[in-house]
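**Student:** Mind folding the following:
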Amino acid sequence: MRTRRHSLALLALPDDGLTRRLYALLFEPYPGVRRLFAADVRPQAAMLRTAMQATLEHLGDRDWLSTALGALGAQHAAWGVTEPMYDAFEECMLAAMCELTGEGWTPALAEDWSATFGDVRDLMLAGAARVPPGDGPRA
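**Tutor:** Below you'll find the model as predicted:
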């Protein structure tokens, strides 16, 4: 946990550097995901950064995490986000973090973040399961 908190400086990069880099890495190997985003991903990158900060600030508050991430998962399901897309997100976010951290990126840090992303994914998918069938992707 301490190693993960140390790497939070990534969220403070100018111009949402971490989250914008994530999208650059995500769209190339997973072009099907691109349709879920506006042409300009800067607003989305800023929202993701804010969501990550809020989630990390509430890591010890299981009720907040369940409620907030469940609602976020339901929203993402309505937009057409599928379970495999969560794995693609994690893969590309870890790659962006590794790239931007450089030599400070360690196997322990990667494992710590992967576990965090797994917990977030599980809570979001629990919320996604509550979305009625047919509430498909946003227009």
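**Student:** After the lowest-mean-pLDDT helix or strand in the chain, which helix or strand is next? Please name it.
**Tutor:** One helix or strand of the chain scores below all others by mean pLDDT, DSSP states H and E: helix 2-6, with a mean of 51. Next helix or strand after helix 2-6 toward the C-terminus (DSSP states H and E): helix 17-27.
**Student:** where along the protein do the helices fall?
**Tutor:** 2-6, 17-27, 42-57, 62-79, 83-101, 107-128 (DSSP state H).
**Student:** dump the residue contacts of the most centrally placed residue in the chain.
**Tutor:** For the chain, the residue nearest the mean C-alpha position is residue 89 (6.1 Å; CA atoms, centre = their mean). Residues counted as contacts of residue 89 (CB atoms under 8 Å, 6 or more residues apart in numbering) are 22, 26, 117. Yep, even glycine has a C-beta here, placed from its N, CA and C like the rest.
**Student:** and which of those is nearest residue 39?
**Tutor:** Nearest to residue 39 among the contacts of residue 89 is residue 26, at 15.0 Å by CB to CB.
**Student:** count of residues packed around the closest one?
**Tutor:** As a burial measure, residue 26 scores 22 neighbours (other CB atoms under 10 Å).
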